[in-house]
Each structure stands twice: as C-alpha cells, then as structure tokens.
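**Q** structure of the sequence below:
(one chain, ligands or ions: 1)
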Amino acid sequence: MDPKIVTIEQHILERERLHPEATGTFSNLLYDIALAGKIIAREIRRAGLGNILGEMGVINVQGEKQMKLDVFANEVFIRMNSYTGRVGVMATEEMETLMNIVPENPTMAQGKYVLIFDPIDGSSNIASNVSVGTIFSIYRRKTPIGSPGTLEDCLQPGRDMAAAGYIIYGSSTMMVYTAGRTVHGFTLEPSLGEFLLSHPNIRIPEPPRYGSTNAAYARCWSPGVQRYHRYLHGMETESPAVPLSSRYVGSLVADFHRNLLQGGVFYYPAHHAPGQPPQAKLRLLYEAAPLGLIAAAAGGYASDGTRDILDVVPTELHQRTALFVGNRAMVEKAEAYIARYG
Ligand code: P6P
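**A** You can find the predicted model right below:
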C-alpha cells in the first residue's frame with residue numbers, strides 16, 4: 001500500500017493530535033461535512049439523467065416531496081448536522097433565518113459550533129454541466145451553550161472563523177479546507193468513496209495567471225475598478241509585463257479554485273447606477289468570508305475593495321459585498337486603484 005495515501009479522516013485526526021485539548025468534536029464536524037459532500041456529489045453526477053429517468057431534473061429525498069438539487073443539498077447539510085450535538089446554530093443561503101439546533105436527546109448538550117453554508121453555489125450552472133460547489137464556514141458560538149443560538153453567533157467577522165472550506169463538483173469532486181493556517185485539498189476516489197489528500201499545503205502561485213470577472217458589467221463599475229480591469233489586461237502604463245489572461249466560469253467556487261491552484265484574481269465589484277447606492281451580489285457570510293479565509297491561509301488576500309474581507313463585521317445574515325480575492329499583490333492593487341480613482 002502506498003504510504004502516501006492519506007484519507008481526509010486520517011489527515012483531520014493527525015491535526016487533532018496536535019491539539020491535546022481537542023475533544024474530537026471539530027474533527028467529527030469536518031467528517032460530517034465530507035460525508036455530506038459525497039452524498040451531494042452522487043446526486044450531482046446523476047442530475048443530467050433526471051429527465052431521462054423521469055425525475056424531471058428533481059430529486060426525491062427518502063420518498064418525500066421532489067426538490068431541486070440545491071434544496072436537496074440544503075436538506076443533506078441540515079440532516080447531517082441536526083442530531084450530532086456538534087452544531088448548535090446553522091445558517092444557510094437557502095433559508096431566510098438561522099436555525100437553532102436543539103438535540104432530540106435531552107441529555108446531549110447543544111453544539112458549540114456554528115455552521116454557515118451555501119449548499120450549492122452556482123446551481124443554475126448544473127444544467128450546462130459546469131462545475132459548482134458547496135461553501136462552508138465553521139465558527140465557535142458566542143452565546144452560552146445550552147441557550148438558544150442567536151444572530152450574535154452568526155454575525156461574526158471572518159477573522160473569527162474556526163475553519164472554512166468548499167467542495168467543488170467538477171471533473172472530479174474535491175474538498176478544500178483550512179483551519180486558518182494551511183490549506184489542503186482532497187480528491188474523492190469514487191471507487192473507494194474516500195477523499196484522498198491530493199493537494200497538501202496549497203499556496204497561491206506567483207505570478208498570477210488569470211483575471212476572473214464578468215466584464216459585461218464594466219459599464220457598471222466605479223472608475224477605479226474600470227482602471228484596475230485595464231491594468232490587469234495590459235492597458236495601463238503600469239500594467240504587469242505579462243497581462244493576465246481572462247478566465248470566467250460564472251461559478252464562484254470553480255473560478256476561485258482555478259485561481260487558488262494557478263494564481264489569479266477573481267473580482268465581482270459592486271455595480272454603480274447613477275443616483276443609486278452601489279449594489280453588490282455576492283454574500284459576505286456564505287461566499288466571500290470563507291473564501292477569504294482560504295485565500296489568506298494560502299498566502300493570498302481578499303478584500304471588499306477597501307478593506308480585508310475578514311475584518312468586515314456582518315450586520316445581517318444575507319449581507320452582500322463586493323469581492324476581490326486571489327494573489328495578494330493583485331487584490332492590493334485593486335484597493336489602490338479604488339482609493340485613487342473611486
Ligand atoms: P454573474 C452564481 O450565480 C454566482 O452566485 C457565483 O457563483 C458566480 O461567481 C456569480 O454568481 C456569477 O454572476 O452575474 O456573472 O452571472
């Protein structure tokens with residue numbers, strides 16, 4: 001047996017051993033997320049067969065009402081984490097309010113972790129067989145364990161995250177996560193049903209290769225962002241000697257993952273309409289903050305255009321934000337253009 005084959009369970013356990021005070025709850029929560037990812041991956045692989053199999057592109061969950069894939073994935077995450085006693089509070093992009101998780105077994109304490117997730121980001125891309133992903137964040141509760149979970153538990157800055165990660169359902173299924181210091185990638189070996197360590201200690205490579213944005217919105221960007229876009233693609237006097245190539249999938253996890261492994265910057269700026277406040281699309285809690293933690297742990301950086309995304313204290317669950325994320329120098333350059341040109 002090749003000694004280098006490391007499952008995600010073995011990897012998590014090795015990290016747990018570095019923390020004598022660890023109780024195993026955090027490790028088990030990561031296992032639960034990995035298992036949820038495997039279940040979702042299986043259904044995504046079948047999604048294209050929905051019509052052929054007469055399921056009209058929807059899925060039954062244990063014989064209950066048929067539902068769309070993102071609702072199915074949301075259900076999987078909720079069911080996988082509702083009875084373990086590891087999670088006390090959950091928030092999902094699919095639901096308006098937070099969920100206070102009280103274990104059915106009255107002898108079990110309510111969980112000390114907060115799980116915040118986007119069950120399938122970019123689900124509209126599934127019909128075109130484009131990679132999509134699940135994004136998750138784990139925080140420690142702020143309110144006393146045993147008391148009902150509150151918004152205070154969820155509205156924490158990304159810097160206070162215990163862990164963040166994503167599962168990308170692409171040509172292969174990968175789970176990438178960080179507990180804040182290093183980033184590791186695991187590829188699902190379907191014949192084993194195991195996530196195997198395939199990308200240890202990921203660092204964003206230099207120089208960056210790609211600029212990722214929907215340039216169709218350039219007319220909606222601020223002057224600083226428009227100049228930044230020109231800078232990346234060789235149209236400003238100070239542009240990089242080798243302009244960045246353009247790659248944009250339109251699925252955040254896919255664009256982020258490619259830039260994480262090959263170097264690049266993803267930017268979804270706010271839109272500026274005359275006389276209107278800037279409008280942002282991406283979610284701070286469910287998308288920007290977790291990917292920002294991963295980027296920072298891989299040597300990169302994430303910003304809303306003016307400050308570190310990890311320092312932004314959310315004021316509401318579905319708060320939206322502009323996002324610039326990738327190689328640190330490229331994101332700092334965006335901040336510089338915005339500071340100078342607005
Ligand atoms: P646009 C998918 O709908 C999503 O939330 C992200 O995954 C993606 O980066 C972005 O929106 C794409 O938005 O406006 O370019 O279609």
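
**Q** got the residues of the stretch 51-200 of the chain near the ligand?
**A** Residues of the stretch 51-200 of the chain lying close to the ligand (C-beta under 6 Å from any ligand atom) are Asp121, Gly122, Ser124. For glycine as for every other residue, the C-beta is placed from the backbone atoms N, C-alpha and C.

**Q** now do the domain split for the chain, please.
**A** Using automatic domain parsing, the domain parsing of the chain gives 8-199, 210-341.

**Q** circling back to that earlier point, so among the residues of the stretch 51-200 of the chain next to the ligand, which ones count as buried?
**A** With burial judged by 16 or more other C-beta atoms under 10 Å, the buried subset of these is Asp121, Gly122.

**Q** if we can go back for a sec, in JSON lines, list the domains of the chain along with mean pLDDT.
**A** Shown next, in JSON lines, are the domains of the chain (pLDDT from 0 to 100):
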{"stretch": "domain 8-199", "mean pLDDT": "88"}
{"stretch": "domain 210-341", "mean pLDDT": "97"}
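
**Q** could you identify which of the ones you listed is most buried?
**A** Greatest average neighbour count among the domains of the chain goes to domain 210-341 (a mean of 20), per mean count of other C-beta atoms under 10 Å.

**Q** ok, that one near the ligand or not?
**A** Yes. For domain 210-341 and the ligand, the contact criterion (C-beta under 6 Å from any ligand atom) is met by Asn214, Gly250, Ser251, Leu252.

**Q** rewinding a little: can you tell me which of the residues of the stretch 51-200 of the chain next to the ligand are in strands?
**A** The strands, defined by DSSP state E, take in Asp121 from these.

**Q** out of the residues of the stretch 51-200 of the chain next to the ligand, flag the one nearest to the ligand.
**A** Here the nearest of these to the ligand, counting by C-beta to the nearest ligand atom, is Gly122; it sits at 3.7 Å.

**Q** quick one, what contacts the residue nearest to the closest one when sequence neighbours are not counted?
**A** The shortest distance from Gly122 to any non-neighbouring residue, by C-beta to C-beta, 6 or more residues apart in numbering, is to Ser251 (3.6 Å). Ser251 is in contact with Asp121, Gly122, Asn125, Val130, Ser131, Val132, Gly133, counting by C-beta atoms under 8 Å, 6 or more residues apart in numbering.

**Q** ok, 7 Å please
**A** If you count contacts by C-beta atoms under 7 Å, 6 or more residues apart in numbering, Ser251 has them with Gly122, Asn125, Val130, Ser131, Val132.

**Q** cool, and Thr178?
**A** Neighbour list for Thr178: Ala163, Ala164, Gly165, Leu293, Ile294, Ala297 [criterion: C-beta under 7 Å, 6+ apart].

**Q** mind listing the residues bridging to the residue nearest to the spatial centre of the chain?
**A** Centroid-nearest residue in the chain, with C-alpha atoms, centre = their mean: Ile135, separated by 3.2 Å. Counting by DSSP bridges, Ile135 is bridged to Asp118, Tyr166.

**Q** so it is in contact with Glu287, correct?
**A** Yes. Ile135 lies in contact with Glu287 (C-beta atoms under 7 Å); the separation is 5.8 Å.

**Q** need the longest helix for this structure.
**A** Longest helix in the chain, counting residues (DSSP state H): helix 25-47.

**Q** contacts for that helix, please.
**A** Contacting residues not belonging to helix 25-47 are listed as 8-9, 12-13, 16, 57, 59, 69, 72-73, 76-77, 80-81, 84, 86-87, 112-113, 126, 134, 136, 138, 162, 167, 169, 173, 175, 177, 188, 193, 195 [C-beta under 7 Å, 6+ apart].

**Q** swap in stretch 276-283?
**A** With C-beta under 7 Å, 6+ apart as the test, stretch 276-283 has contacts from Glu93, Tyr268, Ala270, His271, His272, Ala288, His318, Arg320, Thr321, Ala322, Leu323.

**Q** between the two ends of it, how far is it?
**A** End-to-end distance of stretch 276-283: 20 Å, with C-alpha to C-alpha, to the nearest Å as the criterion.

**Q** nothing else from me, thank you.
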